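1. Need the 3D shape of this:
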Amino acid sequence: MKNSYLGIVAMAALLLMTIAGCGLVKSLGKDPEGEALARLDTLPNYKNGSFQNLAERPDSTIKHNRLLHMFHDHVGPVRPSSGLPWVKTNLKTLSAAAPTIVWFGHSSLLIKTRQGNILIDPVFSNHAGPVPGVVKAFNGTKHYQAKDMPPIDVLIISHDHYDHLDYRTLKKLKDNIKTVVVPVGVGSELVYWGFDPKKIIELNWNQSVTLPGGLRVTATPAQHHSGRTSREGNKTLWASYVIQAGQYRLFFGGDGGYGPFFKQIGQQYGPFDLALLECGQYNQPYIHLGLGQPAQAAVDLQARLLQPIHWAKFPEAGHPWNEPIKTLLPAAEKLGIQLNVPRIGEPYTLGDPPKKADWWDSE
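-> This is a model prediction of the structure:
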């Protein structure tokens, strides 16, 4: 499960700290301090030393044994038995009149628009944690690397968990990125990793920035948490995003549970041409969308098309690896939501017929 996965990651991080010392292990990141920390105290969603969700967290989502869940909740094949099908696309020459989305598995996405290239939550290290070899990526999802990316006009990060904020990938991409948009607090980690502070834009929920090429990015609420070690977490914010590229509006959900904020986002910023919403690696409904909930969230957002993300790359939960898409299909059909489910690396251009080949059903 996702929280169980985080427990394993935290244990690995603690081991690294014991061996090398906190300051020597760059991948662990660094929480805000000094002026950056003082700024957090002025924010309405930062209280008692941590960022807060809009809804109170039920006690039942806290009282669980991470290790027991990790090793005893598997009810099916959490990894595919063979490599997932993928498409080789030259990302540097890809062009289209409308926004074109390329998914690399889990939540990593490239969105090419006339206003600029957008890279979201890139994790190309083939593992999701501070230690190589821990939480390894599925075969078939390892073919795209940092060197394959075109020049990036804006890098967008949803939160600082290892499966969304990857030190090794960003180290390789750093000089290829013009601007970085992150939730409040995450900028401290990037500065620690050598990013130019002048390139970093931190946003709180419902704050926006319009970039030189015309892209407008708005951070919106999500219901999740943050932290890269077992030390007290939630020192950095988590967010979803509204992306406006010319006449097109896209929504990227990041990680987070279901709540009334989806409908509020839809009313304030929608309708959306495409919603990119997590559908896998769920454990508790408070911090992740559960079975069928991405379809309801897409309805709330007033989305014309839903593309499921946060699945088909890492084994972070006890459910079968392809259960998320198999359960989302009937839920979306019931609610009248169109699904787009491309293969890894397969480009999809808004306005084209959705990708519907059931490539996940070969198990």
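2. Enumerate every residue touching the closest residue to S108 other than its chain neighbours.
-> Computed as C-beta to C-beta, 6 or more residues apart in numbering, the closest residue to S108 that is not its neighbour in sequence is P122, at 5.0 Å. Bear in mind the C-beta positions are built from the backbone N, C-alpha and C, glycine included. Contacts for P122 (C-beta atoms under 8 Å, 6 or more residues apart in numbering) come out as 104, 108, 146, 149, 155, 166, 169-170, 173.
3. So which of these are in strands?
-> Among the contacts of P122, DSSP state E puts L155 in strands.
4. Quick one: neighbours of L28, just the number.
-> Neighbour count of L28, defined by other C-beta atoms under 10 Å: 23.
5. now T229
-> Other residues near T229 come to 21 when the count uses other C-beta under 10 Å.
6. likewise L335?
-> By other C-beta under 10 Å, 13 other residues sit near L335.
7. follow-up on the earlier one: quick check, pLDDT for the residue nearest to S108.
-> Per-residue confidence (pLDDT) for P122: 98.
8. so it is in which element?
-> For P122, there is no helix or strand it lies in under DSSP states H and E.
9. likewise L276?
-> Using DSSP H and E, L276 sits in strand 274-278.
10. Which parts of the stretch 51-200 of the chain are strands?
-> Secondary structure of the stretch 51-200 of the chain by DSSP state E, counting those that start in this stretch: the strands cover 100-103, 109-113, 116-120, 152-156, 177-183, 200-203.
11. by contact count, what packs against the first one?
-> Yep, that's strand 100-103 we're talking about. On a contact count with 3 or more C-beta pairs under 8 Å, 6 or more residues apart in numbering; DSSP states H and E, strand 100-103 meets strand 109-113, strand 305-309, strand 348-349.
12. looking at those, which is closest to P77?
-> Shortest distance between P77 and these, using C-beta to C-beta, is found for strand 305-309: 18.7 Å.
13. Could you tell me the angle between that closest one and strand 109-113?
-> With axes from the mean of the first three to the mean of the last three C-alpha atoms, to 10 degrees as the basis, strand 305-309 and strand 109-113 are set at 140 degrees to each other.
14. And the next helix or strand past strand 305-309?
-> Following strand 305-309 toward the C-terminus (DSSP H and E): helix 323-335.
15. what comes into contact with that next one?
-> Counting by C-beta under 8 Å, 6+ apart, 76, 279-282, 291-292, 294-296, 298-299, 306, 308, 311-312, 338-339, 341, 360-361 sit against helix 323-335.
16. so where's the chain shaky on pLDDT?
-> Filtered on pLDDT under 70, the chain yields the residue ranges 1-24, 59-76, 230-232, 362-363.
17. Which stretches in it count as helices?
-> Along the chain, counting by DSSP state H, helices occupy 2-20, 35-40, 66-72, 167-173, 186-192, 261-269, 293-301, 323-335.
18. what's the spacing between L173 and F251?
-> 24 Å (C-beta to C-beta, to the nearest Å).
19. more neighbours, the two?
-> A count of neighbours by other C-beta under 10 Å puts F251 above the other of L173 and F251, at 28 against 19.
20. returning to what we had before: between the contacts of P122, which sits nearest S82?
-> Among those, F104 lies closest to S82 (C-beta to C-beta), at 18.7 Å.
21. rewinding a little: would you turn the contacts of P122 into CSV with distance to N126?
-> Below are those laid out as CSV (distance: C-beta to C-beta, whole Å):
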residue, distance to N126
F104, 11
S108, 12
A146, 12
M149, 16
L155, 19
D166, 10
T169, 10
L170, 15
L173, 15
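22. Among the contacts of P122, find me the one that's closest to T89.
-> Nearest to T89 out of the contacts of P122 is F104 (C-beta to C-beta; 10.2 Å).
23. Quick check: nearest residue in space to that closest one, chain neighbours excluded?
-> F104's closest residue in space is Y144 (C-beta to C-beta, 6+ apart), at 5.0 Å.
24. Provide a list of residues in contact with the one you found.
-> Here Y144 is in contact with 91, 104, 124, 344-345 (C-beta under 8 Å, 6+ apart).
25. Scan these and report the most crowded one.
-> That'd be F104 among the contacts of Y144, by other C-beta under 10 Å, with 29 neighbours.
26. my read: it touches F138, true?
-> No: between F104 and F138 there is no contact under C-beta atoms under 8 Å: 11.7 Å.
27. Name the residues contacting each of these two.
-> K313.
28. residue contacts, the closest residue to G290 other than its chain neighbours?
-> Nearest residue to G290 in three dimensions, chain neighbours excluded: Y282, at 5.3 Å (C-beta to C-beta, 6+ apart). Neighbouring residues of Y282 by C-beta under 8 Å, 6+ apart: 2, 288-291, 317, 319, 324.
29. Please indicate which of the contacts of helix 323-335 are buried?
-> Using 16 or more other C-beta atoms under 10 Å as the burial test, the contacts of helix 323-335 include 279-282, 291-292, 294-296, 298-299, 306, 308, 311-312, 338-339, 341, 360 as buried.
30. roughly how far apart are the nearest residue to G105 once chain neighbours are set aside and P342?
-> Nearest non-adjacent residue to G105, counting by C-beta to C-beta, 6+ apart: K313, 3.3 Å away. According to C-beta to C-beta, K313 and P342 sit 14 Å apart.
31. now do L276
-> 12 Å.
32. Then Y248?
-> Distance of Y248 to P342, given as C-beta to C-beta: 17 Å.
33. try N126
-> In this view, N126 and P342 are 20 Å apart by C-beta to C-beta.
34. what does A146 give?
-> From A146 to P342 the distance is 21 Å (C-beta to C-beta).
35. thinking again about what came up before, what would the strands of the stretch 51-200 of the chain look like in TSV with mean neighbour count?
-> Below are the strands of the stretch 51-200 of the chain laid out as TSV (neighbours: other C-beta atoms under 10 Å):
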stretch	mean neighbour count
strand 100-103	23
strand 109-113	23
strand 116-120	24
strand 152-156	23
strand 177-183	23
strand 200-203	20
